[in-house]
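Chemist: Structure, please.
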Amino acid sequence: MSGRIDAVLGMQWGDEGKGRIVDWYARDYDVVARFGGGDNAGHRIEVGEKKLALRLVPSAALHPTVELFVGSGCVVNLEGALDELARLAEVGVDISRVKFSDRAHIVLPDHGAIDQASERARGAEKIGTTGRGIGPAYADRVSRLGITLGETIDERHFRNRLRAVRSAHERAFPNAEILPDFAEMEERMLAAAARLRAAIVDGVGYMHARLAAGKRILAEGAQGTLLDISFGSYPYVTSSQCTAGGICTGLGVGPSAIGRVIGILKAYTTRVGSGPFPSELLDAEGDRLREAGREFGTVTGRARRCGWFDAVAARYAAALNGAHAVALTKLDVLSGFDRIGIVTGYRLGDREATLSEAAHPDFGVEVEYLDGWTEDIREARRSSELPVTARRYIARLESLVGLPIELFSVGPEREALIRA
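Modeler: Predicted structure coming up:
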């Protein structure tokens, strides 16, 4: 019997609520596997009194029998991973379930320093990275300079690779004083690698053994489709593949292994950092969405830009991912609005425009408004308990995106997720 891989991934600019949605679906799976990104991702989970903010470990940590796998498409901050594992152990999570692919690359302190210096140098043109070194780590990977987790297992080899990487960074950056002290970095990395060593596995072998055993695997995405390095609002994107296509390259499997794809959409839209954002509200309504939705980054604490739901961008993301259904989050945040907007079209002059043209000064949007609701819906546990205007809003989103909304949330807790 062969297993299959289903997927849960974000279809906006990240921050869609992936952690809690993965946690909800994970009860039906044997393995949850991250296929891309690093600890620049922040996934929140709230179950009873337990509240976790995960950055790298898959978001099924509170399911005691689910295996947790960090795939080859990820980049791993050694010390950050150890800190996260320690926090999980403190709340009773069996961290022996967490495994890391030997083909994942490591994020060095060098990378964080380069990332921050590069952002400063960009000035007004900065991308808006988290400054955690994710982009430089991926850049070293494609430059054939990076270090894989598998290379950290042999200490002598790892020392040699660290020295080679530092030499290359010093050649590339004349102002080498931005880089941390090498001797200190070397010892820190050697110590961290030794502690993480037992969790490193043959990533390809790990995945295929579980598929062959008929295990159900859930692939967890990081960031969001519109931040994808190839198909997002380039250059204001992340450095990894965020779409369903990244599952194959990030976990080492073929496309025939992929089953259902669930796309997560927030009931409105947010974005962190620079770049085009067609539905952005630069007014009191945008401020109200930010405060009601607690729209501040899990990793950085930065305030998120807020706007109405963008149906054009959502359709684009759904097509890119071959999505089968939608999980809609934060519907409760819209309670109290007299009317709720939905961006239904892009215009450039007298013609229809695309998302790739959103930075054009003459770019504009078409907005449709629906009646809102005044009721507090946070205690609802069935669709029938929602106000009729809230149900109409869900139905309109389904129509515009072209996918069924099979799950929606009316609060941050696990029990506040409702099957549509």
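
Chemist: In contact with residue 131, which residues?
Modeler: Taking C-beta atoms under 8 Å, 6 or more residues apart in numbering as the definition of contact, the neighbours of residue 131 are 112, 115-116, 119. Backbone N, C-alpha and C define where each C-beta goes, glycine included.

Chemist: what is the mean pLDDT for stretch 140-157?
Modeler: Averaging the model's pLDDT scores along stretch 140-157 yields 97.

Chemist: before we move on, what about stretch 261-279?
Modeler: pLDDT averaged over stretch 261-279 gives 96.

Chemist: do stretch 362-379 as well
Modeler: Rounded to a whole number, the mean pLDDT of stretch 362-379 is 97.

Chemist: Could I get the buried residue list for that stretch?
Modeler: In terms of neighbour count (16 or more other C-beta atoms under 10 Å), stretch 362-379 has its buried residues at 363, 365, 370, 372-373, 377.

Chemist: List the buried residues in stretch 400-414.
Modeler: For stretch 400-414, the neighbour count (16+ other C-beta under 10 Å) marks 400-401, 403, 405, 407-412, 414 as buried.

Chemist: Can I get those residues in JSON lines including pLDDT?
Modeler: Formatted as JSON lines, the entries for those read as follows, by pLDDT from 0 to 100:
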{"residue": "400", "pLDDT": "98"}
{"residue": "401", "pLDDT": "98"}
{"residue": "403", "pLDDT": "98"}
{"residue": "405", "pLDDT": "98"}
{"residue": "407", "pLDDT": "97"}
{"residue": "408", "pLDDT": "97"}
{"residue": "409", "pLDDT": "96"}
{"residue": "410", "pLDDT": "96"}
{"residue": "411", "pLDDT": "93"}
{"residue": "412", "pLDDT": "87"}
{"residue": "414", "pLDDT": "84"}
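
Chemist: tell me which element residue 265 falls in.
Modeler: With elements taken from DSSP states H and E, the one containing residue 265 is strand 258-266.

Chemist: Show the model's pLDDT score for the residue lying farthest from the centre of the chain.
Modeler: Relative to the centre of the chain, the most outlying C-alpha is that of residue 350, 35.7 Å out, by C-alpha atoms, centre = their mean. Among the per-residue scores, residue 350 holds a pLDDT of 91.

Chemist: Can you pull the phi and psi angles for it?
Modeler: phi -100, psi 20 (degrees, to the nearest 10).

Chemist: gap between it and residue 360?
Modeler: Distance of residue 350 to residue 360, computed by C-beta to C-beta, to the nearest Å: 14 Å.

Chemist: now residue 90
Modeler: According to C-beta to C-beta, residue 90 stands 50 Å off from residue 360.

Chemist: Mind checking which of these two has more residues around it?
Modeler: Between residue 90 and residue 360, residue 360 has the larger neighbour count (other C-beta atoms under 10 Å), namely 13 against 8.

Chemist: Contact partners for the residue lying closest to residue 311 once chain neighbours are set aside?
Modeler: Excluding the flanking residues, the one nearest residue 311 by C-beta to C-beta, 6 or more residues apart in numbering is residue 400, at 3.8 Å. Contacts for residue 400 were tallied using C-beta under 8 Å, 6+ apart; they are 311, 314-315, 342, 344.

Chemist: ok so, going back, tell me which strands the helix or strand just after the strand holding residue 265 pairs with, and in which orientation.
Modeler: Next helix or strand after strand 258-266 toward the C-terminus (DSSP H and E): strand 269-271. Based on DSSP bridges, the pairing partners of strand 269-271 within the sheet are strand 305-307 (antiparallel).

Chemist: From the chain's centroid, how far away is the partner strand?
Modeler: Going by C-alpha atoms, centre = their mean, to the nearest Å, the spacing between the C-alpha centre of strand 305-307 and its chain's C-alpha centre is 18 Å.

Chemist: again with stretch 101-116
Modeler: Its chain's C-alpha centre and that of stretch 101-116 lie 18 Å apart, by C-alpha atoms, centre = their mean.

Chemist: Give the rounded mean pLDDT of it.
Modeler: Taken as a whole, stretch 101-116 carries a mean pLDDT of 95.

Chemist: Report the helix or strand with the lowest average pLDDT across this protein.
Modeler: Every helix and strand in the chain was compared by mean pLDDT, DSSP states H and E; the lowest is strand 43-47, with a mean of 64.

Chemist: ok, back up a step: now, the most widely separated pair of the contacts of residue 131?
Modeler: Comparing all pairs in those by C-beta to C-beta, the longest separation belongs to 112 and 119, at 11.0 Å.

Chemist: Isn't residue 396 up against residue 342?
Modeler: Yes: A contact is recorded between residue 396 and residue 342 when judged using C-beta atoms under 8 Å, the distance being 6.8 Å.

Chemist: what residues are shared contacts of those two?
Modeler: Among the neighbours of residue 396, those also in contact with residue 342 (C-beta under 8 Å, 6+ apart) are residue 370.

Chemist: who has more neighbours, the two?
Modeler: The residue with the greater number of neighbours, taking residue 396 and residue 342 and applying other C-beta under 10 Å, is residue 342; the counts read 22 against 17.

Chemist: and that one, helix, strand or coil?
Modeler: Under the three-state scheme (DSSP: H, G, I helix; E, B strand; the rest coil), residue 342 adopts strand.

Chemist: Can you verify my assumption that it contacts residue 372?
Modeler: No: if you go by C-beta under 8 Å, residue 342 and residue 372 don't touch, sitting 11.9 Å apart.

Chemist: So for stretch 212-225, mean pLDDT?
Modeler: Stretch 212-225 shows a mean pLDDT of 96 in the predicted model.

Chemist: Tell me the buried residues in that stretch?
Modeler: Neighbour counts using 16+ other C-beta under 10 Å place 215-225 of stretch 212-225 among the buried residues.

Chemist: returning to what we had before: tell me the one of the contacts of residue 131 nearest residue 264?
Modeler: Within these, proximity to residue 264 (C-beta to C-beta) peaks at residue 115, which comes in at 26.7 Å.

Chemist: Show the contacting residues for residue 262.
Modeler: 6-9, 21, 25, 323-327, 406-407.

Chemist: so of the residues you listed, which ones are in strands?
Modeler: If you go by DSSP state E, the contacts of residue 262 have 6-9, 325-327, 406-407 in strands.

Chemist: What about the residues you listed, which one has the most neighbours?
Modeler: Counting neighbours by other C-beta under 10 Å, the one among the ones in strands among the contacts of residue 262 with the most is residue 9, which has 30 neighbours.

Chemist: shouldn't that one be in contact with residue 226?
Modeler: No: shown here, residue 9 and residue 226 do not form a contact pair, counting by C-beta under 8 Å, at 11.5 Å.
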